[in-house]
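**Student:** Below are the sequence and a predicted model for it; my questions follow.
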Amino acid sequence: MILTDTHTHLYSEEFQNDRTEMIERAIEAGVSRFFVPSIDSSYTKKMYDLETQFPENIFLMMGLHPCYVKPESYQQELAHVEKSLAAKKFYAVGEIGIDLFWDKTTLQIQQEAFRFQIQLAKKHKLAINIHCREAFDEVFEVLESEKSPELFGIFHCFTGDFEQAKHAIDLGMKLGIGGVATFKNGKIDQFLNEIDLKHIVLETDSPYLAPVPFRGKRNESSYTKLVAEKLAQIYNLPIEEIARITTENSKQVFGI
């Protein structure tokens with residue numbers, strides 16, 4: 001059984017004391033493929049080092065996270081993204097999008113950065129990996145304006161409703177499902193079985209959003225298996241089938 005964590009911040013400071021052991025623990029649990037999103041240029045070297053350490057298991061994205069789109073630095077950061085994508089192999093542009101939870105004043109430049117990075121993804125024929133927090137309307141507005149056969153990817157940490165799920169799928173996105181599906185108030189478990197499994201990929205977003213029974217504690221990639229177990233319940237399928245289908249979905253979207 002091969003499980004795929006399509007979104008994990010393996011370079012996080014949260015793992016500084018046991019990073020290698022944590023990754024090996026995940027591999028032992030059957031999670032042998034890790035897709036690592038970028039936040040900003042300060043993490044690039046750590047990402048490259050992880051790829052060198054685990055070349056068979058770690059697949060990198062490149063992008064500027066919306067919370068790091070700052071007036072004084074975002075243009076230099078976007079130049080770093082553009083230069084990096086031209087220089088080496090990445091599997092997606094991400095994580096990119098709009099976050100209005102922390103700062104609404106940067107909406108305009110967040111939209112600009114999101115659109116620019118979508119266009120880079122199209123240029124390089126790569127998937128996008130979307131971060132959306134309290135910004136579904138704003139994210140959909142940009143996606144609609146960029147809609148084309150070249151636009152595809154993953155709506156990371158999807159927490160929307162059924163209509164928003166269908167809208168995301170119509171725009172060429174798969175839904176990244178993680179620990180929130182295990183929360184009593186997560187809500188997505190109430191309609192997920194109405195979404196064809198071909199539109200679903202697994203993720204942890206570690207070290208954040210740990211699934212039950214570890215909610216509130218540090219998340220890690222081995223917990224992808226707990227998300228798969230929850231989906232097995234929701235879809236009434238063996239966990240091996242959940243693993244097989246969601247891993248195939250990840251291969252499709254990341255071009256492997």
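**Tutor:** Sure thing, it's come through.

**Student:** The nearest residue to G160 once chain neighbours are set aside - how many residues pack around it?
**Tutor:** Nearest residue to G160, sequence neighbours excluded (CB to CB, 6 or more residues apart in numbering): F136, at 5.8 Å. For the C-beta atoms, the positions are set from N, CA and C on the backbone; glycine is no exception. Using other CB atoms under 10 Å, F136 has 19 neighbouring residues.

**Student:** ok, now E141?
**Tutor:** That count, for E141 with other CB under 10 Å as the rule, works out to 14.

**Student:** Contacts for the helix or strand containing it, please.
**Tutor:** Using DSSP states H and E, E141 sits within helix 136-145. Residues outside helix 136-145 that contact it (CB atoms under 8 Å, 6 or more residues apart in numbering): 97-98, 100, 107, 111, 114-115, 118, 130, 132, 151, 160, 164, 167, 171, 173.

**Student:** Give the other helices and strands that the helix or strand that that helix is followed by contacts.
**Tutor:** Where DSSP H and E defines the elements, the next helix or strand beyond helix 136-145 is strand 153-155. The contact analysis (3 or more CB pairs under 8 Å, 6 or more residues apart in numbering; DSSP states H and E) places strand 153-155 against strand 92-99, strand 127-133, strand 173-177.

**Student:** For strand 153-155, the averaged confidence score.
**Tutor:** In this model, strand 153-155 has a mean pLDDT of 98.

**Student:** so the helix of greatest length in the chain versus helix 136-145, what angle?
**Tutor:** The longest helix of the chain (DSSP state H) is helix 107-124. Using axes from the mean of the first three to the mean of the last three CA atoms, to 10 degrees, the inter-axis angle of helix 107-124 relative to helix 136-145 is 40 degrees.

**Student:** List the buried residues of helix 107-124.
**Tutor:** Under the neighbour-count criterion of 16 or more other CB atoms under 10 Å, helix 107-124 has 107, 109-114, 116-118, 120-122, 124 buried.

**Student:** Just the CA coordinates for that helix, please, in CSV.
**Tutor:** What follows is helix 107-124, C-alpha atoms only, in CSV (Å, rounded to 0.1, in the frame of the first residue of the first chain):
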residue,chain,number,x,y,z
LEU,A,107,-5.6,41.7,-1.0
GLN,A,108,-4.6,43.5,-4.2
ILE,A,109,-1.0,42.3,-4.2
GLN,A,110,-2.1,38.8,-3.1
GLN,A,111,-4.3,38.7,-6.2
GLU,A,112,-1.5,40.0,-8.3
ALA,A,113,1.0,37.4,-7.0
PHE,A,114,-1.6,34.6,-7.4
ARG,A,115,-2.3,35.5,-11.0
PHE,A,116,1.4,35.8,-11.8
GLN,A,117,2.2,32.4,-10.4
ILE,A,118,-0.8,30.8,-12.2
GLN,A,119,0.6,32.1,-15.4
LEU,A,120,4.1,30.7,-14.5
ALA,A,121,2.5,27.3,-13.9
LYS,A,122,0.8,27.4,-17.3
LYS,A,123,4.1,28.4,-18.9
HIS,A,124,5.9,25.4,-17.3
